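1. one predicted model, sequence on top.
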Amino acid sequence: MFAKLLKHEWKATWGILGVLSLCALGAGAVGALMLRLLVSAADGKQVDLLGMLSPTVLMFAILGLLVYSAGGSIVLYYRFYKNKFTDEGYLTFTLPAKSWEIFLASALNILLWTMIIGLVMAVSIGLIVVLGMWEYMKDVLTLDTLEELLEMVDGEVILNLAMYAVNFVSGIVLAMCCITLGAVAAKKHKLLAAVGIYYGASVLRNTMSTVAMAAAMNNATDFASVMTASNVSNAVVGLLFGVVGYFLSVYLMD
């Protein structure tokens, strides 16, 4: 049943998010073209009407990417709210599935789409920077540069990346938990209540992270160890909030 739930979540979101992702890639391509026109103008080449409009078009392309990133998240979390805590939720909870399966199916769908949105953003920005300024970037993007970056990857870098991943996942679970709390606790304005709860939870989480970082960095001796201690303490607090948020959400759903 869990696989069917996950498939249903994907089918419910892939249409609008797929179209938005294609639009974001298109915005990246347009932004790259506009930046090339700007670079040509800076090099003293002839500028036509399109070149004169390129700064405005480039600004709108970047703004479109920001809207895509924020809008994608809104679509995903609103889908979670609508499918669980509105009239549609009545049908959801009549399915022969346990509450943890329903919650995890939504969480994995949000996680997957958030990663896709991040990848699309990276590709789009890469198109703008690399293709837009190819004359300058071609000397930087070489095999030697790639080898130097790979040599920098060590155990400490991998640990920090793992800690970022923990914070990333726990942040999604925390947001879903706040939506669940807002929907259960408030009779009216459930989404507004969820936003308020999320703000309070974020303040508490940041405060705990700051205290944990201050304690962890007492034994740090250099910048690398400071960063590692900071990321580990953040991840520990994030993991705590993620675990509590998961069990609390499933309990309230039950």
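-> Yep, it's here. Numbering: from 1, shown residues only.
2. CA only for contacts and neighbour counts going forward, please
-> Will do.
3. flag every buried residue along the helix or strand where Met59 lies.
-> Counting by DSSP states H and E, the element that carries Met59 is helix 49-85. Buried residues in helix 49-85, counted by 16 or more other C-alpha atoms under 10 Å: 51, 54-55, 57-58, 61-62, 64-65, 68-69, 72-73, 76-77, 79-81, 83-85.
4. next: stretch 25-39.
-> 25-39.
5. from these, pick the one nearest Lys11.
-> Of all the buried residues of stretch 25-39, Lys11 sits closest to Leu25, with 21.2 Å by C-alpha to C-alpha.
6. after the lowest-mean-pLDDT helix or strand in the chain comes which helix or strand?
-> Lowest on mean pLDDT, DSSP states H and E among the helices and strands of the chain sits helix 143-151, with a mean of 61. Sequence-wise, the next helix or strand downstream of helix 143-151 (DSSP H and E) is helix 155-185.
7. any idea of the mean pLDDT for that next one?
-> Averaging pLDDT along helix 155-185 gives 87.
8. which helices and strands sit right next to the helix or strand just after it?
-> Counting by DSSP H and E, the next helix or strand C-terminal to helix 155-185 is helix 190-216. Secondary-structure packing of helix 190-216 (3 or more C-alpha pairs under 8 Å, 6 or more residues apart in numbering; DSSP states H and E): helix 155-185, helix 223-253.
9. and helix 190-216, what's buried?
-> Judged by neighbour count (16+ other C-alpha under 10 Å), helix 190-216 contains these buried residues: 190-191, 193-194, 197-198, 201-202, 205, 208-210, 212-213, 216.
10. now swap in stretch 81-97 and tell me
-> In stretch 81-97, counting by 16+ other C-alpha under 10 Å, buried: 81, 83-85, 92-93.
11. got the CA positions of that stretch in PDB?
-> Output of stretch 81-97 as PDB, limited to C-alpha atoms (Å, rounded to 0.1, in the frame of the first residue of the first chain):
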ATOM      1  CA  TYR A  81      -2.400  20.100   3.800                       C
ATOM      2  CA  LYS A  82      -5.300  19.700   1.200                       C
ATOM      3  CA  ASN A  83      -4.900  15.900   0.900                       C
ATOM      4  CA  LYS A  84      -4.800  15.300   4.700                       C
ATOM      5  CA  PHE A  85      -6.700  18.100   6.500                       C
ATOM      6  CA  THR A  86      -9.500  19.200   4.200                       C
ATOM      7  CA  ASP A  87     -12.600  17.400   2.900                       C
ATOM      8  CA  GLU A  88     -10.200  15.400   0.600                       C
ATOM      9  CA  GLY A  89      -8.600  14.100   3.800                       C
ATOM     10  CA  TYR A  90     -11.700  12.100   4.600                       C
ATOM     11  CA  LEU A  91     -11.000   9.900   1.500                       C
ATOM     12  CA  THR A  92      -7.300   9.700   2.300                       C
ATOM     13  CA  PHE A  93      -7.800   8.300   5.800                       C
ATOM     14  CA  THR A  94     -10.400   5.800   4.600                       C
ATOM     15  CA  LEU A  95      -7.700   4.000   2.600                       C
ATOM     16  CA  PRO A  96      -6.400   0.700   4.100                       C
ATOM     17  CA  ALA A  97      -3.100   2.300   5.100                       C
END
